[in-house]
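Participant: take a look and give me a structure for this.
(one chain, ligands or ions: 1)
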Amino acid sequence: MREAWIIDAVRSPRGRGKAGVGSLSEIHPQRCMAQVLNGLKDRVGFDPADIEDVVAGCGSGSGDHAHDIARMSVLDAGWPITTTGVTLHRFCGSGQQAVTFAAMGVMSGHQEAVIGGGVEFMSRYSPIHANGFHANNEHLAGLHPQVPQGISADLIATIEGFSRNDVDAYAVESQTRAAKSIAEGRFNNALVPMYHLSGELALDRDEHPRPGTTLESLRDLKPSFAAMGAAHVDGYPKPFDDMAKDKYPEIDGVIHVHHAGNSSGVVDGASAVLVTSPDYAKAHGLKPRARIRMTATAGTEPLIMLTAPGPAAQRALDKAGMTKNDIDLWEINEAFASVVLKFMKDIGVSHDVVNIDGGAIALGHPIGATGGMLIGTAVDQLEREDKETALIAMCTGGGMGTATIIERI
Ligand SMILES: CC(C)(COP(=O)(O)OP(=O)(O)OC[C@H]1O[C@@H](n2cnc3c(N)ncnc32)[C@H](O)[C@@H]1OP(=O)(O)O)[C@@H](O)C(=O)NCCC(=O)NCCS
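Facilitator: As a prediction, the model looks like this:
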């Protein structure tokens with residue numbers, strides 16, 4: 001099979017995901033994705049007519065994110081009408097899956113040049129889905145009871161014995177690393193500044209980080225999911241904490257440790273990764289930055305939901321004939337602190353090589369956009385640190401994990 005090369009990867013800044021507060025929130029999500037696509041085009045210098053498809057992940061399929069946001073963004077970008085776009089949903093892993101599908105199209109020989117990435121404007125909806133991931137399907141709700149993701153994150157901490165201090169210490173390190181990376185300009189290479197329709201600059205830097213975060217500054221934050229866990233929401237058989245205890249009877253109850261300071265930030269943003277065949281790159285004088293060595297998905301129990309990054313990563317390693325020792329750097333999405341703590345425990349990898357520029361706790365997690373952002377961050381890190389291999393993994397709704405192994409070229 002032929003190789004899939006990453007030629008380049010760019011992203012928007014992550015704006016705070018609050019309507020009227022976040023600097024991107026007035027921009028339409030399609031417009032943001034369109035600006036990212038044009039940022040990639042201008043930087044690489046490809047002809048957009050050569051792009052056979054744009055695959056975009058998006059975690060919300062309604063409102064301003066409705067229908068096929070990928071195709072609408074292509075049109076909004078002013079690209080030729082011959083370039084198509086397709087939108088997919090794998091919850092938080094949507095953007096990573098989009099890059100995987102781009103790579104699969106190229107590796108299979110069906111396509112020569114495809115863009116994978118994604119977009120999400122969380123300022124335009126609540127990430128807590130009122131009707132649940134089972135979408136009012138009573139049969140499924142009986143077969144696989146599911147709870148909001150914050151309860152699942154607290155359940156992981158409860159089962160694994162991660163204390164409030166453990167998750168807060170992890171969050172402080174995420175903020176500290178992100179602040180250092182921002183101060184050193186480490187993200188500048190990937191950033192495409194965002195503009196309003198008026199031409200006025202909207203945002204050219206990540207807006208969510210809180211540099212200077214300490215254990216003391218987090219101490220007084222109230223757990224965000226305690227009241228939710230105790231509430232009996234319509235359409236569910238009992239309060240979420242009781243549902244968790246039914247599924248995991250070994251716990252006395254869910255201990256709520258996650259809050260605004262150690263959960264992924266709610267933000268707006270978009271990402272785009274250009275994946276081509278070696279033949280296309282050579283014919284057009286494009287210098288590859290990395291190859292996609294292997295991808296994998298894995299499924300785990302859907303109520304605890306967020307435990308599959310480890311199994312997905314292990315499956316990718318096994319299929320590639322690699323071990324964890326072959327990976328230099330790891331980008332594991334910081335959906336919640338407990339997710340990464342569990343990943344590091346499961347795989348047996350040190351925080352020293354995981355999320356070295358901080359992660360979504362500091363920077364934010366624009367659901368469908370994040371996978372493309374993490375892959376781009378990993379490519380930048382490999383070059384900066386003069387390393388060879390990186391593994392990117394994410395947890396998703398429904399109890400799934402996505403993983404990608406990339407190698408520097
Ligand atoms: C946890 C969560 C509910 C908190 O939402 P929120 O209360 O709206 O959070 P905010 O960012 O507004 O922060 C609330 C307050 O916490 C405090 N705070 C947040 N981060 C802080 C930090 N690092 N240090 C000190 N205080 C902090 C601030 O006082 C802040 O208020 P302010 O913005 O007015 O200053 C939300 O971040 C969330 O749902 N995250 C997860 C999203 C998700 O599920 N994604 C999918 C993953 S599977």
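Participant: quick one: pLDDT of the nearest residue to K41 once chain neighbours are set aside?
Facilitator: The shortest distance from K41 to any non-neighbouring residue, by C-beta to C-beta, 6 or more residues apart in numbering, is to P48 (5.7 Å). Quick note: C-beta positions are derived from backbone N, CA and C, even for glycine. We have a pLDDT of 98 for P48.
Participant: what about W330, which SS state?
Facilitator: State at W330, reduced to three classes by DSSP: H, G, I helix; E, B strand; the rest coil: strand.
Participant: what's the closest non-adjacent residue to it?
Facilitator: Closest residue to W330 apart from its sequence neighbours, by C-beta to C-beta, 6+ apart: V354 at 4.4 Å.
Participant: thinking the one you found is in contact with V340, fair?
Facilitator: Yes: taking C-beta atoms under 8 Å as the definition, V354 is a contact partner of V340 at 6.7 Å.
Participant: what does the stretch 151-300 of the chain put close to the ligand?
Facilitator: Residues of the stretch 151-300 of the chain found near the ligand (C-beta under 6 Å from any ligand atom) are 175, 210, 213, 217-218, 221, 224, 260-261, 263-264, 266.
Participant: for the residues you listed, which single residue is the most surrounded?
Facilitator: Highest neighbour count within these: S264, with 29 neighbours (other C-beta atoms under 10 Å).
Participant: go ahead and confirm L363 touches P209.
Facilitator: Yes: counting by C-beta under 8 Å, P209 is a contact partner of L363 at 6.2 Å.
Participant: what's the most distant pair in the residues of the stretch 151-300 of the chain next to the ligand?
Facilitator: Greatest spatial distance among these (C-beta to C-beta): S217 and V266, at 19.1 Å.
Participant: and the strands in the protein?
Facilitator: 5-11, 15-16, 53-57, 84-88, 113-121, 194-195, 201-203, 267-276, 290-299, 329-332, 389-396, 400-408 (DSSP state E).
Participant: out of the ones you listed, which comes closest to D154?
Facilitator: Proximity to D154 (C-beta to C-beta) singles out strand 389-396 among the strands of the chain, at 14.1 Å.
Participant: other SSEs contacting that closest one?
Facilitator: Applying 3 or more C-beta pairs under 8 Å, 6 or more residues apart in numbering; DSSP states H and E, we find strand 389-396 packed against helix 94-107, helix 309-320, strand 329-332, helix 367-385, strand 400-408.
Participant: buried stuff in the second one?
Facilitator: Same thing as helix 309-320. Neighbour-count burial for helix 309-320, counted by 16 or more other C-beta atoms under 10 Å, picks out 309-317, 320.
Participant: list the helices and strands that helix packs on?
Facilitator: Counting contacts by 3+ C-beta pairs under 8 Å, 6+ apart, helix 309-320 packs against strand 290-299, helix 337-347, strand 389-396, strand 400-408.
Participant: from the chain's centroid, how far away is the shortest one?
Facilitator: Spelled out, it's strand 389-396. On the basis of C-alpha atoms, centre = their mean, to the nearest Å, strand 389-396 sits 9 Å off its chain's mean C-alpha point.
Participant: could you list the buried residues of it?
Facilitator: By neighbour count with 16+ other C-beta under 10 Å, strand 389-396 contains the buried residues 389-396.
Participant: now swap in the first one and tell me
Facilitator: Under the neighbour-count criterion of 16+ other C-beta under 10 Å, strand 290-299 has 290-298 buried.
Participant: contacts for it, please.
Facilitator: Residues from elsewhere that reach strand 290-299, judged by C-beta atoms under 8 Å, 6 or more residues apart in numbering: 3-6, 93, 97, 99-100, 103-104, 107, 275, 308, 311-317, 319-320, 322, 379, 382, 389, 398-409.
Participant: spit out the contact partners of the residue lying closest to I115 once chain neighbours are set aside.
Facilitator: With C-beta to C-beta, 6+ apart as the criterion, I115 has its nearest non-adjacent residue at 4.6 Å, and that residue is V54. V54 makes contacts with 37, 70-71, 73-74, 83-86, 114-115, 117, 272, as judged by C-beta under 8 Å, 6+ apart.
Participant: what's the distance between V54 and T300?
Facilitator: Relative to T300, V54 is positioned 30 Å away (C-beta to C-beta, to the nearest Å).
Participant: ok, now P13?
Facilitator: To T300, P13 is 33 Å away according to C-beta to C-beta.
Participant: tell me which of those two has more neighbours.
Facilitator: The neighbour comparison of P13 against T300 (other C-beta under 10 Å) goes to P13, with 26 against 19.
Participant: pretty sure the more buried one is touching P209, no?
Facilitator: No: using C-beta under 8 Å, P13 is not in contact with P209; the gap is 10.9 Å.
Participant: from the stretch 1-150 of the chain, which residue is nearest to the ligand?
Facilitator: Per C-beta to the nearest ligand atom, Q149 is where the stretch 1-150 of the chain lies closest to the ligand, at 4.0 Å.
Participant: surely that residue meets G397?
Facilitator: Yes: in this structure, Q149 is within contact of G397 by C-beta under 8 Å, at 6.7 Å.
Participant: shared neighbours, these two?
Facilitator: Listed as contacting both Q149 and G397 by C-beta under 8 Å, 6+ apart are M305.
Participant: quick one, helices of the stretch 51-200 of the chain?
Facilitator: All helices of the stretch 51-200 of the chain, identified by DSSP state H, counting those that start in this stretch, fall at 69-76, 94-107, 138-143, 149-160, 164-183.
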